[in-house]
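Novice: What follows is a predicted protein model with its sequence.
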Amino acid sequence: MRPAVLVLRNALGTALWLGLALLARLARLAGSLPDRAIQGLMDLWADLLAATTWRGRLLGLALLPVLVTLPGWAGPATLSVMISALWFAYVGQAWNLMAGFAGRFSLGHCLFVGLGAYLAAGLFLHHGVGPWPGLLLSVPAAAAMGALVGALGCRRGLGPVHFALITLVFVELARLAAGHLEWSGGLDGLVLPPPSQPGNAPLALRGTPALFYYVILAMAGLALALCRLLTGSATGYRWRAAREDPAAAAAAGVDVHRARISAMAVSAALTAPAGMFQAFYAGALAPDQLFSLTRSVEILLGPVVGGVGTLFGPVLGALVVSPLGDALSDLSARYLSSGGGHDLSALRPFCYGAVLAAVALLLPGGLWPWLARKLRLTPPPGAGGPP
Amino acid sequence: MSLAFYLNIVTGGLLTGLVYGLAALGLALIFNVVGVINLAHGGVLVAGMLAASWVAAARGADPLLALPAVAAGLFVAGFLLQRLVIGRLDGSPESRRLPLMLGIGLMAMNGLVLLAGPNGRAAHPPNAADALSAGPLLFDRLELRAALIALMVTAVLVFFFNVSRTGKALRACADSPFGARVAGLDVARLRAVAFGLGAAVTGTAGCLLAQIGPVRPALAPGHALTAFVIVLIGGLGSVEGALFGGLAVGVAEALGDTLLGPDLKSLPGCLLALLILLWRPGGFAAVTSSETAE
């Protein structure tokens, strides 16, 4: 009995201490936030200039107006594909913080998407709290959950395999909880009522697909900037030190355990708004759909295909993979409705698996480093570049 | 709710737990020697299940007859998979091997759904639905049979690892691949043997599970999760741990099934896994690993 009590006391003490430290850190951060944001954006800009060749810059310049004007000329189908691609670019970026920069491969990021989605929808339905104010609750909740998963999954002596399995266990627990609590609507899930009046209401996140497109475009852009800011910060260097060589990092004074926990907390916090977006964009939540391995795989597929641990990899990967997934589920739906009789809904996750295995075997660095080299979008290695 | 009632539940849980333990043993074996987590575990298990139910349905025979063929087929499949695909990433970091295993796992699980269709099927042998009674205890005859076979297979495996040459070579390979290579062992081949053996053991457990529970391709993720919880509780890669964890999860699941309801039966096992992590991070069987650095 004694060691259990001791562990509990230690855990409580650590939690209290972490909470206080976090509060102090947040207060300090809030004061310096505008400064840091401007600095981060300038860093990103400088990076973009330093890390690209003229061809890369021209391509980026050409892409920008396309992205901005897309809702004006694209059909509804293209727009919906682009929205989901940008959504996956956003969550992929968040997942990549833990897997790519802190070196622990999470198989459970659907947990944080689901948490964000359920909190947003539940607060809206039960308490009339809008989506954006709801983030004030869901983001810290996701961060706390991420810290818990990280604290258990990255305990000393546990390897990456332990971590991956533990994230799976947490997803199962979340699935059971969401399916059995009245607040989350049980197995039926939650359904948001259709908006009462037509027109766009950005503050209530209600309106046409074009509105959702611009919101997710802004979110994906912000996530990219935030990740750049984080990876260039002292925290980001600690994460990468913990990834590259835990022993050396510890010898250099990095608390590897804390670095991983903080990476997981930040990654989870960044994932939660994606859940909020999904809840309001799709309008319906079901526990078995949100908390499933397929969902987690969809999240990590973009970054793995694009390039784990790179900044632009998750974006590129999502833009490649997500239309493919949409096409596949379209195909299986059409086949089913045409009287094919056979349910082909397993085809999409099957192809995801094939893509994952192929990338792991043939293109270990991911698509982005390879493409950037081939098209000479970035200077050749050795000339310096982004992380 | 009398004592006998609970006693019966626990007994049933222990019997199922022996089969779970066997399945987890396959997982632990692969992790121990090859060093990867077999995320296709659920798929392999369900392949065994489907084979058993096919024998029962198409031939009207005892599904147990499928066992040798399942074990042999999965051994060959696992051997080739490790030799030709997974082995190519031997020695690369986990960040490359996990996506590969995840990809293979997804292909296995969903490939089976595509091949066999999502519908459930039965795999009960003809006329064996009666129970044996011993004092206050009632044994489901099928459960008892499955548990005894699982116990026998486990015993054979333990014997194999402790006595036979190949078994000892596999253990050497698990302890230190480098040392094994120095001693002249073909590590790549042994790893393939271990993967094949692990897959065969997992498929055997699937065959047995098919007779005491529902059979559906969609059960693969659930069964995989059960095995993962077991190895988290028992200690990744530990044989005793897998058996102990199997029994613990079997009982936890049986109690959860009765007390909380069938759709919450995985809850006690998951909570137990988290508690064990808090108390003894390396799992039940790990005594020293929590002290060693990674």
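Specialist: On my side now, so go ahead.

Novice: could you pull out the strands for chain A?
Specialist: For chain A, strands defined by DSSP state E occupy the ranges A:190-191, A:284-285.

Novice: Quickly run through the sheet partners of the first one, with directions.
Specialist: For strand A:190-191, the paired strands and their directions (DSSP bridges) are strand A:284-285 (antiparallel).

Novice: Now do the partner strand, average pLDDT.
Specialist: Computed over strand A:284-285, the mean pLDDT rounds to 88.

Novice: Then stretch B:136-154?
Specialist: In this model, stretch B:136-154 has an average pLDDT of 86.

Novice: Output the longest helix belonging to chain A.
Specialist: When chain A is parsed with DSSP state H, its longest helix is helix A:2-51.

Novice: Tabulate the strands of chain A in TSV, adding columns for mean neighbour count.
Specialist: Just so you know, the C-beta spots here come from the backbone N, C-alpha and C atoms, and that holds for glycine as well. Shown next, in TSV, are the strands of chain A (neighbours: other CB atoms under 10 Å in any protein chain shown):
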stretch	mean neighbour count
strand A:190-191	18
strand A:284-285	19
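
Novice: Using CSV, please lay out those strands together with distance to residue B:146.
Specialist: Shown next, in CSV, are these (distance: least, CB to CB, whole Å):
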stretch, distance to residue B:146
strand A:190-191, 41
strand A:284-285, 39
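
Novice: ok, residue A:314 - contacts?
Specialist: Residues in contact with residue A:314, defined by CB atoms under 8 Å, 6 or more residues apart in numbering or on different chains, are A:89, A:92-93, A:95-96, A:302-303, A:306-307.

Novice: Correction: the previous question concerned residue B:200.
Specialist: B:26, B:70-72, B:74-75, B:78.

Novice: Report the buried members of those.
Specialist: Buried subset of these (neighbour count, 16 or more other CB atoms under 10 Å in any protein chain shown): B:26, B:70-71, B:74-75, B:78.

Novice: What separation do you get for residue B:176 and residue A:187?
Specialist: 49 Å (CB to CB, to the nearest Å).

Novice: so where's chain B shaky on pLDDT?
Specialist: Scanning chain B for pLDDT under 70 picks out the ranges B:1, B:122-130, B:286-294.

Novice: same thing but at 50, please
Specialist: In the predicted model, chain B carries pLDDT under 50 at residues B:287-294.

Novice: Show residues contacting stretch A:75-83.
Specialist: Contacts for stretch A:75-83 (CB under 8 Å, 6+ apart): A:70-71, A:74, A:209-210, A:212-213, A:216, A:281, A:322-323, A:326.

Novice: want to throw the residues you listed into TSV with neighbour count?
Specialist: Shown next, in TSV, are these (neighbours: other CB under 10 Å):
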residue	neighbour count
A:70	17
A:71	19
A:74	17
A:209	15
A:210	16
A:212	23
A:213	20
A:216	24
A:281	20
A:322	23
A:323	15
A:326	16
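
Novice: circling back to that earlier point, near chain B, from the contacts of residue A:314?
Specialist: Filtering the contacts of residue A:314 for proximity to chain B by CB under 8 Å from any CB of the partner chain leaves nothing.

Novice: Would you tell me which one of the residues you listed comes nearest to chain B?
Specialist: residue A:303 (10.0 Å; CB to the nearest CB).

Novice: number of nearby residues for the closest one?
Specialist: 31 (other CB atoms under 10 Å in any protein chain shown).

Novice: try residue B:76
Specialist: Around residue B:76 there are 13 residues (other CB under 10 Å).

Novice: can you check residue B:155 too?
Specialist: Using other CB under 10 Å, residue B:155 is surrounded by 10 other residues.

Novice: you'd agree it is in a strand?
Specialist: No - looking at residue B:155 with DSSP: H, G, I helix; E, B strand; the rest coil, it is helix, so not inside a strand.

Novice: what's the spacing between it and residue B:244?
Specialist: Distance from residue B:155 to residue B:244, by CB to CB: 16 Å.
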